[in-house]
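# When you get a sec, could you give me coordinates for this:
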Amino acid sequence: MRKFIVHVDMDAFFAAIEQRDNPQYRNRPVIVGAAPEGGRGRGVVSACSYEARNFGISSAMPISIAYRKCPQAVFLPVDIEKYSRVSSEIHSLFYDFTPEIEPISIDEAFLDITGSYRIFGAPLRVCRLLKSRIKEEIGLTASVGLAPIKMAAKIASDLEKPDGLVEVTEKNLLDFLWPLGIEKIWGLGKKSKIVLNKMGIKTIGELAGTNFKKIEEVFGRNGRHFWQLANGIDERLVETDGEVKSISNELTFAQDTRGQEKIKSALIGLCEKVSGRLRQEGLKGKTITLKIRLEGFHTYTRSKTLSKTTNFVDTIYRIIKELFGNFDLKGRKVRLVGVKVSNFLTGELKESFFSDAGDEKKERIHQAVDKIKRRFGDIAIHRAGGMDSGF
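You can find the predicted model right below:
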């Protein structure tokens, strides 16, 4: 069956909401993120208006640089509760067009309208109605891509921002994809782009025309995947289960630090938060990831996959401590640390027929600690130093 996949991407979402709610900010550069502190701010830009982008500002840019580029901008803190409410309103509107919805982030989603577009006339008409209702009912603009595969729909939504609408048909799919740079391939990162460029491959068409075995030799299984995408083969479906893929927390230090005690304390706190959120969601994970951002914004991740899932803070911290201990800072200071757990099995499922009495006891202890924290706050109970000896 021919597929009709829609990708909806809200335009400058956080900043656009602030401009909508505050008329005095309209047509002005608006930057949402960390406090600039006169150019001394430590965080990053979460979102910015198109007026701010004219000054060369972009999301994830250090807020200090954004301030230097445009000190006259309106700088606002992130109001995630408000943005989440608006996101929920938009996603509720999607259900008027199809039940097949896959949220990607707070401001974008895939919709499969293959089985529902006839109610409205035609696939492109669905997209126009969708954009119109978002503008009229929510007061914001969205850019929309329509295509027979997910990757092409995502690329299309980005081509005519803001307030864009681009249709890619099954007939012109390859004509649409092949002139584009390989960096447009969803999931192909900067390092892979550099490798492909060194092989003389700069466009999606050039990748499509290369023997896939040659690509596979360099990238392994990912190579075949990239080659298939370049040839318009994308069998990924719109996934509607809303399944959580990972749970993470990060901390940016007020000042870059080499202090082992400060880093250790931060990592323990992050592990406790992630552990608590996992149990709250009824999840256990096998893959534990450490994120480190050093001075100069150089960012690294290190992961380890266990043979058994866990949501226990001591297990998570033991792996994080090991990963950090094996990471060579080379004398550099640490700006940010993060902890993530993924590769989930729901907490209710047993991994074997044999019950582990020790784990069940630990589970009861962790649940008791969670209950105390929910009632009295996070500072009511915390780990003693014994867990982190030898850090």
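# Tell me, how many residues neighbour the nearest residue to residue 116 once chain neighbours are set aside?
For residue 116, ignoring the flanking residues on the chain, the nearest one in space by C-beta to C-beta, 6 or more residues apart in numbering is residue 98 at 4.5 Å. Where C-beta positions appear, they are placed from N, C-alpha and C, glycine not excepted. Counted by other C-beta atoms under 10 Å, the residues lying close to residue 98 total 21.
# Check whether residue 98 really touches residue 112, as I assumed.
Yes: in this structure, residue 98 is within contact of residue 112 by C-beta atoms under 8 Å, at 6.3 Å.
# What is the three-state secondary structure of the residue nearest to residue 116?
coil (DSSP: H, G, I helix; E, B strand; the rest coil).
# From residue 87, how far out is it?
Applying C-beta to C-beta, to the nearest Å, the value for residue 98 to residue 87 is 17 Å.
# ok, now residue 304?
Taking C-beta to C-beta, one finds residue 304 at 33 Å from residue 87.
# Neighbour count: those two, which is higher?
residue 87 (21 against 14).
# How about the more buried one, nearest residue that isn't a chain neighbour?
Nearest to residue 87 is residue 106, by C-beta to C-beta, 6+ apart, at 4.7 Å.
# got the contact list for that neighbour?
Going by C-beta atoms under 8 Å, 6 or more residues apart in numbering, residue 106 touches 13, 83, 84, 87.
# Now it: phi and psi?
Phi and psi for residue 106, reported as degrees, to the nearest 10, are phi -60, psi -20.
# What does the pLDDT read for it?
For residue 106, the pLDDT comes out at 90.
# Residue 257 versus that one, what's the distance?
Applying C-beta to C-beta to residue 106 and residue 257 gives a distance of 31 Å.
# Same check on residue 305?
Residue 305 is 29 Å from residue 257, by C-beta to C-beta.
# In terms of packing, which of these two has more residues around it?
Just comparing residue 305 and residue 257: by other C-beta under 10 Å the higher neighbour count belongs to residue 257, 16 against 12.
# Let me know whether that one touches residue 263 as I believe.
Yes: assessed by C-beta under 8 Å, residue 257 is found in contact with residue 263 at 6.7 Å.
# what sits in contact with each of those two?
Common neighbours of residue 257 and residue 263 (C-beta under 8 Å, 6+ apart) are residue 334.
# buried stuff in the helix or strand containing residue 277?
Using DSSP states H and E, residue 277 falls within helix 260-281. Neighbour counts over helix 260-281 (16 or more other C-beta atoms under 10 Å) mark 263-279 as buried.
# try stretch 331-343
Buried, per 16+ other C-beta under 10 Å, within stretch 331-343: 334, 335, 336, 337, 338, 339, 340, 341, 342, 343.
# and what of stretch 289-307?
289, 290, 291, 292, 293, 294, 302.
# What of stretch 15-29?
15, 16, 17, 18, 19, 25, 29.
# Nearest spatial neighbour of the second one, chain-adjacent residues omitted?
The one in question is residue 16. That would be residue 140: by C-beta to C-beta, 6+ apart, it lies 5.2 Å from residue 16.
# pretty sure that neighbour contacts residue 18?
No: judged on C-beta under 8 Å, residue 140 makes no contact with residue 18 at a distance of 11.0 Å.
# you'd agree residue 32 is up against residue 52?
No: if you go by C-beta under 8 Å, residue 32 and residue 52 don't touch, sitting 9.5 Å apart.
# Identify the contacts common to these two.
Common neighbours of residue 32 and residue 52 (C-beta under 8 Å, 6+ apart) are residue 15.
# doesn't residue 217 fall inside a helix?
Yes: counting by three-state DSSP, one finds residue 217 located in a helix.
# Tell me, how many residues neighbour it?
10.
# and it, what does it touch?
So residue 217 contacts residue 223 (C-beta under 8 Å, 6+ apart).
# Distance of it relative to residue 195?
12 Å.
# Could you spell out the sheet neighbours of the helix or strand hosting residue 343, each with its direction?
In this structure, residue 343 sits in strand 334-346 according to DSSP H and E. Looking at strand 334-346 with DSSP bridges, its paired strands and their directions are strand 246-257 (antiparallel), strand 283-294 (antiparallel).
# Can you mark which positions in the first one are buried?
The neighbour-count criterion (16+ other C-beta under 10 Å) identifies 247, 249, 252, 253, 256, 257 as the buried residues of strand 246-257.
# got the CA positions of that strand in CSV?
The C-alpha coordinates for strand 246-257 follow below in CSV (Å, rounded to 0.1, in the frame of the first residue of the first chain):
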residue,chain,number,x,y,z
SER,A,246,15.6,6.5,27.7
ILE,A,247,15.6,8.3,31.0
SER,A,248,18.3,10.8,31.8
ASN,A,249,19.4,13.8,33.9
GLU,A,250,22.2,16.4,33.4
LEU,A,251,23.9,19.0,35.5
THR,A,252,25.9,22.0,34.4
PHE,A,253,28.4,23.2,37.0
ALA,A,254,28.3,26.9,37.9
GLN,A,255,32.0,27.0,37.1
ASP,A,256,34.1,24.5,35.1
THR,A,257,35.7,22.2,37.6
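# tilt between that strand and helix 260-281?
Inter-element angle recorded for strand 246-257 and helix 260-281: 160 degrees (by axes from the mean of the first three to the mean of the last three C-alpha atoms, to 10 degrees).
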